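# I need the structure of the sequence given here:
(chains A and B)
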Protein chains: 2
Amino acid sequence: MISKNMAKALLGGSKIRKMFEEGNRLKQIYGPENVFDFSIGNPDLEPPVEVKEALKEIASADIPGIHGYMSNNGYETTRAAIAKKRSEESGLDIDASAVCMTVGAAAAMNDVLHSLLDPEDEVIVLAPYFMEYNGYIANHNGKVVICDTDEKFIPHVEDIAAKITDRTKAVIINSPNNPSGVVYSEQFLSELNSVLKSADHTIHVISDEPYIDLAYDGITVPCALKFIDNLIICFSWSKSLSLPGERIGYTLVSPKNEDYNDLTAAITISNRTLGSVNAPAIWQRVIEKSLYAKVDVSNYEKRRNMLYSNIVDAGFDAVKPQGALYIFMNTPEGLTDDEFADICHEENLLIVGGGSFAKPGYARLAFCVSETTIVNSRKAFFAVAEKLGIEHRSSL
Amino acid sequence: MISKNMAKALLGGSKIRKMFEEGNRLKQIYGPENVFDFSIGNPDLEPPVEVKEALKEIASADIPGIHGYMSNNGYETTRAAIAKKRSEESGLDIDASAVCMTVGAAAAMNDVLHSLLDPEDEVIVLAPYFMEYNGYIANHNGKVVICDTDEKFIPHVEDIAAKITDRTKAVIINSPNNPSGVVYSEQFLSELNSVLKSADHTIHVISDEPYIDLAYDGITVPCALKFIDNLIICFSWSKSLSLPGERIGYTLVSPKNEDYNDLTAAITISNRTLGSVNAPAIWQRVIEKSLYAKVDVSNYEKRRNMLYSNIVDAGFDAVKPQGALYIFMNTPEGLTDDEFADICHEENLLIVGGGSFAKPGYARLAFCVSETTIVNSRKAFFAVAEKLGIEHRSSL
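Take a look at the predicted model:
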């Protein structure tokens, strides 16, 4: 008696559960230090000290009404602080009305899509991409239109232009990208804006930015607000402040967005009717006090370097990720993703095939696992390479 | 370029905003002590001391990983504690797998409806009812079917039976009821179960229970789990622990529910894809430590008594509410709800017409306002009665 779509989802969901259970089974047999589970992207750093101090302070302060209802879009002061930070980054004049506080980026995406989509409206996504987007788009009766990227996972605007129809409502971008770690350039953002503005109706860009603070090698992630006019940002502090369990994020509509007034009002209504009502009060207050804090990004960078070396030293190919928490390595030629995953599995190496990101021929490995796991996994990568007759680039 | 449904909602939403703005306008002119705004049901008591102590303790404890991801349905220990409490209340053997932690009852309702509904499926609601249900049902492409209640707001099962079709997926019950404050009897729940079980397909009962701990005059709200087999509870601590801004609640599927396995799995997926992902981690831990605490219900009862006296002493009629935070008074005969609201408005008395709860001929007044406001409002009720030639039952 559950819905037909949900009955289908229950069948699909068991694959991920099986991988998780398989990891646990292997750990019991071989010991956790000998199982290399790179399948799950769970930010594992502690929140910065500013966050912990702000939480303690607010929890102890006993301010009346602190846990009560507020406007559905959140506290005015929190929203104003975020608007100020984004104004500083972009040079635009952004005020609190642009911001709606949400229970993380997934809720933010649902609020935005619910506000935008009529049935059968199309949303363009750039493969490889986080396939939870499919569920978010389906929730609001939209259609996913996949646009591929090149061998370095760079999208080309002419490919996006070719996918535009009169039902295209939005393009989702995600930079740094899950799963590829690629950061989209200023030039790409600028060209994307030109192409979309030349369409004969308004097409919004939804910029999903949970990884925006996780960039490596000293690079700065280009600020989408500077380059794209009809922009809606979906942000979460899950990674920037390592608070994934607490569900705190926001939507921000660019002041240059043609539908600014309608969108900011609609997103606030969606936030209420989809059930979040508002973002958790205490976390809005904590965020306001620790807005400029960041997790120790160098720690993630170190682990990226270690895992990347394992992969390329063993003889495999991968684009070195500039950000996010994943390496999207190439599946060796002549093998399907499933065949490669099976061979890795024999060495207790758990990876996710590129098909789970609409990009077969690759595998995603999350480097937010312990350094010990990464160090110990080196021999497994080398063993897989040997089995496949792939020549090492360095010694074990 | 926003969706057509949302464009409609933006027009509708302005009515509530206008009422809120009107309240503020009047307060500036006449002073806040002379404006009697009973329009908004905002729980205004502080959380019990157990909650505040648990929050302080957890915020100070510095437990590693405390703000990280967990299973989408929440912490096993929190869910087990809730299952234990509900087992004690019902005599059923409920385990943690029955429970999914959510960001409050609105998210819980959306998770459940998303799990149940195919397009055009019907959900029966009992008027008067909280009309946000319409939005929740529409989100998942369902249809609202309204079943009326009697002059004491008691539903009759034969009326519900007459509304059942082969597309009926669920009946929503809400006891204590918003807006009427009525508590549904054991007999009604038992008869409802019989009627639904005699249908030729499974019909679930969704019991929306945010007010279950707010009952007055020493009555106990009947436990729906004891009487209804195909039950799904949606609960929130917004009122029981006065935490509306923090968004913490749960769904619980009865172990007697025919679709138990599918439903518990589907609700967990819905919780993820609709964007909550999981309920805020810190509040799950606080709840586990203060599960048997309650706000000071006698304080609400006192204010109910004061406002009820104002209404009936002035000469108006109302069913005395047994629970929740509202009095649903009768609109005097010969007047529309709008005409009555306008006359009240002249005395700075702000109320919400019964049409906003699918039950014209009534007005909802929330008694979760300050005692001073209730005391000062007495003269306004008397003044309105005099204007309408209604005889007082008591002196001012």
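
# Show me what counts as buried in the worst-scoring helix or strand of chain A on mean pLDDT.
The helix or strand with the lowest mean pLDDT-type score in chain A, counting by mean pLDDT, DSSP states H and E, is helix A:4-30 (a mean of 82). Neighbour counts over helix A:4-30 (16 or more other CB atoms under 10 Å in any protein chain shown) mark A:5, A:6, A:9, A:10, A:13, A:19, A:22, A:23, A:26 as buried. Every C-beta, even on glycine, is put in place using the N, C-alpha and C of the backbone.

# Using CSV, lay out the residues you listed together with distance to chain B.
Shown next, in CSV, are the buried residues of helix A:4-30 (distance: CB to the nearest CB, whole Å):
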residue, distance to chain B
A:5, 8
A:6, 4
A:9, 5
A:10, 5
A:13, 6
A:19, 15
A:22, 17
A:23, 14
A:26, 20
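
# Let me know the helix or strand that residue A:226 is in.
helix A:224-227 (DSSP states H and E).

# which stretches of the stretch 201-350 of chain A form helices?
Using DSSP state H, counting those that start in this stretch, the helices of the stretch 201-350 of chain A run over A:224-227, A:237-240, A:260-273, A:281-289, A:297-314, A:337-346.

# need these in a markdown table with mean pLDDT, can you?
Formatted as a markdown table, the helices of the stretch 201-350 of chain A follow (pLDDT from 0 to 100):
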| stretch | mean pLDDT |
| --- | --- |
| helix A:224-227 | 98 |
| helix A:237-240 | 98 |
| helix A:260-273 | 96 |
| helix A:281-289 | 98 |
| helix A:297-314 | 98 |
| helix A:337-346 | 96 |
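
# Which among those is found nearest to residue A:215?
Comparing the helices of the stretch 201-350 of chain A against residue A:215 with CB to CB, the closest turns out to be helix A:297-314 (7.5 Å).

# helices and strands around that closest one, which ones?
With contacts defined as 3 or more CB pairs under 8 Å, 6 or more residues apart in numbering or on different chains; DSSP states H and E, helix A:297-314 has these neighbours: strand A:326-330, helix A:371-387.

# Would you check the distance separating the shortest one from the middle of the chain?
Between the centre of strand A:326-330 and the centre of its host chain there is 15 Å, according to CA atoms, centre = their mean, to the nearest Å.

# Residue A:141 and residue B:284, how far apart?
The gap separating residue A:141 from residue B:284 is 32 Å, by CB to CB, to the nearest Å.

# With neighbour numbers in mind, choose between these two.
A count of neighbours by other CB atoms under 10 Å in any protein chain shown puts residue B:284 above the other of residue A:141 and residue B:284, at 22 against 16.

# Would you mind confirming that that one makes contact with residue B:81?
No - the pair residue B:284 / residue B:81 is not scored as a contact, 9.9 Å apart, by CB atoms under 8 Å.

# Tell me which residues touch residue A:84, please.
Counting by CB atoms under 8 Å, 6 or more residues apart in numbering or on different chains, residue A:84 makes contact with residue A:94.

# Model confidence for it, exactly?
We have a pLDDT of 98 for residue A:84.

# Work out for me the element it sits within.
For residue A:84, the host element (DSSP H and E) is helix A:76-90.

# So which bits of that helix are buried?
A:78, A:79, A:80, A:81, A:82, A:83, A:86, A:87, A:90.

# which ones are touching the nearest residue to the fifth one once chain neighbours are set aside?
Here the nearest residue to residue A:82 in space, its sequence neighbours aside, is residue A:99; by CB to CB, 6 or more residues apart in numbering or on different chains that works out to 5.1 Å. When contacts are counted by CB under 8 Å, 6+ apart, residue A:99 is found next to A:73, A:74, A:79, A:82, A:83, A:250, A:251, A:252.

# circling back: buried deepest among the helices of the stretch 201-350 of chain A, which one?
Each of the helices of the stretch 201-350 of chain A was scored by mean neighbour count; the highest is helix A:237-240, a mean of 26, by mean count of other CB atoms under 10 Å in any protein chain shown.

# Run through who's touching it.
Counting by CB under 8 Å, 6+ apart, residues outside helix A:237-240 touching it are A:43, A:104-105, A:210-214, A:243-244, A:246, A:248-249, A:287, A:294-295, A:325.

# Intersect those with the contacts of chain B.
Near chain B, judged by CB under 8 Å from any CB of the partner chain, the entries from the contacts of helix A:237-240 are A:43, A:104, A:243, A:244, A:246.

# hang on, the earlier thing: now flag whichever of the contacts of residue A:99 is closest to chain B.
Nearest to chain B among the contacts of residue A:99: residue A:74, at 9.6 Å, using CB to the nearest CB.

# How about the residues of the stretch 51-200 of chain A by chain B?
Residues of the stretch 51-200 of chain A lying near chain B by CB under 8 Å from any CB: A:52, A:55-56, A:58-60, A:62, A:64-70, A:102-104, A:106-111, A:114-118, A:121, A:132, A:135-136, A:139-141, A:169.

# Show me just the buried residues among the residues you listed.
Buried subset of those (neighbour count, 16+ other CB under 10 Å): A:52, A:55-56, A:58-59, A:66-70, A:102-104, A:106-111, A:114-118, A:121, A:135-136, A:139-141, A:169.

# can you tell me which residues contact residue A:255?
A:92, A:93, A:94, A:95, A:98.

# mind redoing it with 7 Å?
Counting by CB atoms under 7 Å, 6 or more residues apart in numbering or on different chains, residue A:255 touches A:92, A:93, A:94, A:98.

# And residue A:217, by the same measure?
Going by CB under 7 Å, 6+ apart, residue A:217 touches residue A:322.

# Quickly note the distance from it to chain B.
Taking CB to the nearest CB, to the nearest Å as the measure, residue A:217 falls 27 Å from chain B.

# What are the phi and psi values at that residue?
As for residue A:217, its main-chain torsions (degrees, to the nearest 10) stand at phi 60, psi 30.

# Pull up the per-residue confidence for it.
On pLDDT, residue A:217 comes in at 97.

# Repeat that for the one 5 residues further on.
Model confidence at residue A:222, given as pLDDT, is 98.

# Equivalent analysis for residue A:117, please.
Note on residue A:117: pLDDT of 98.

# what about chain A, any weak spots by pLDDT?
Counting by pLDDT under 70, the ranges of chain A that qualify are A:13-17.

# domains in it, as residue ranges please.
For chain A, automatic domain parsing gives the domain ranges A:4-46+A:296-387, A:49-289.

# Ok, which of those comes nearest residue B:34?
Going by CB to CB, the one of the domains of chain A nearest residue B:34 is domain A:49-289, 22.4 Å.

# Now do that closest one: distance to the chain's middle.
10 Å.

# ditto for stretch A:337-348
So, by CA atoms, centre = their mean, the centroid of stretch A:337-348 is 25 Å from its chain's centroid.

# Quick check, residue A:72 in contact with residue A:268.
Yes - in this structure residue A:72 lies within contact range of residue A:268 using CB atoms under 7 Å: 5.1 Å.

# just to revisit the earlier point, which single one of the contacts of residue A:255 is nearest to chain B?
Among the contacts of residue A:255, residue A:98 lies closest to chain B (CB to the nearest CB), at 15.6 Å.
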